[in-house]
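Asks: Requesting a structural model of the entry that follows:
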Amino acid sequence: MEERYDARNLKPFEEKVIASGLCDFSLPASFVTVNDVKQAIYDSSGYTRLDEMEFANIDEMLELLEKSMVNLKKAGEFLIDPEQIVLNGKTVFLDRRRRDVKFAYVPSRVQRPMQNVLELTDYLESQAQPMQKQILNRLSGSIKEEHLSLKESASRTAVVRREIRKIATL
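Replies: Coordinates of the predicted model:
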C-alpha cells in the first residue's frame, strides 16, 4: 500500500536519510516530482494508519504512544530532529501482528518541544472511551506540567502501562 505526502519541506539531507531505507523509525520511502511538487511515497505494506484503526484497550494505546516516543529517539540517531516530526492519525502506522510502530516522515519546521507527542496523545484521547481518556489526559498533563523530556515521557508512559496491567490482573 502506498501513502503520498507533500515533500517540499524535506531538506535534501532528510530525503537522503529517509530514502536510504536504513531508518527503522520510518516507513520505506521513495520520492517523485509530480507537477513540480515533490512527493514522498511511503510503502505502508503490513501497517495500518492510525486513523483507520480502532483500539482494543488502553494498554494498546499506551504501547503505541511509548513506541512512538522510542522511535522519535531513534530519529535523532539519524540526525533527524525528533521535535520536527509530525505525529497524528495520518502519519503514524502500526503493524499489530509485530507490534511495531513506524512513521511517514512529514516534517514540521516549527520547534515545539514535545508538541508532537502531545498531539499524538490528544489524537488517541479523541478515540478513547471515558476511562481511557482520563488516563491519557493525566499522562499528557504530567508531560506538560513537569516539562518532561522525550526519555522521561517514554519512561512515564511505561510506568502507567505497568500500573494498569497490575490493576487488570487483580
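Asks: following the lowest-mean-pLDDT helix or strand in the chain, which helix or strand comes up?
Replies: Here the helix or strand of the chain ranked lowest by mean pLDDT, DSSP states H and E is strand 2-6, holding a mean of 82. Per DSSP states H and E, strand 2-6 leads on to helix 12-19 as the next helix or strand towards the C-terminus.
Asks: buried ones in that following helix?
Replies: 14-15, 17-19 (16 or more other CB atoms under 10 Å). C-beta here means a position set from N, CA and C on the backbone, and glycine is covered the same way.
Asks: Kindly report the same for stretch 130-143.
Replies: So, applying 16+ other CB under 10 Å, buried residues of stretch 130-143: 132, 135-136, 139-140, 142-143.
Asks: So which of those sit within helices?
Replies: If you go by DSSP state H, the buried residues of stretch 130-143 have 132, 135-136, 139-140, 142-143 in helices.
Asks: Any chance of JSON lines for those, columns pLDDT?
Replies: Putting those into JSON lines (pLDDT from 0 to 100) gives the following:
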{"residue": "Q132", "pLDDT": "92"}
{"residue": "I135", "pLDDT": "94"}
{"residue": "L136", "pLDDT": "95"}
{"residue": "L139", "pLDDT": "95"}
{"residue": "S140", "pLDDT": "94"}
{"residue": "S142", "pLDDT": "94"}
{"residue": "I143", "pLDDT": "94"}
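Asks: now the spatially most central residue of the chain: how far from T157?
Replies: Nearest residue to the geometric centre of the chain (CA atoms, centre = their mean): S68, 4.2 Å. S68 is 9 Å from T157, where distance means CB to CB, to the nearest Å.
Asks: cool, Q129 as well?
Replies: 18 Å.
Asks: do you know how far S140 is from M69?
Replies: For S140, the distance to M69 - CB to CB - is 12 Å.
Asks: swap in N116?
Replies: N116 sits 10 Å away from M69, going by CB to CB.
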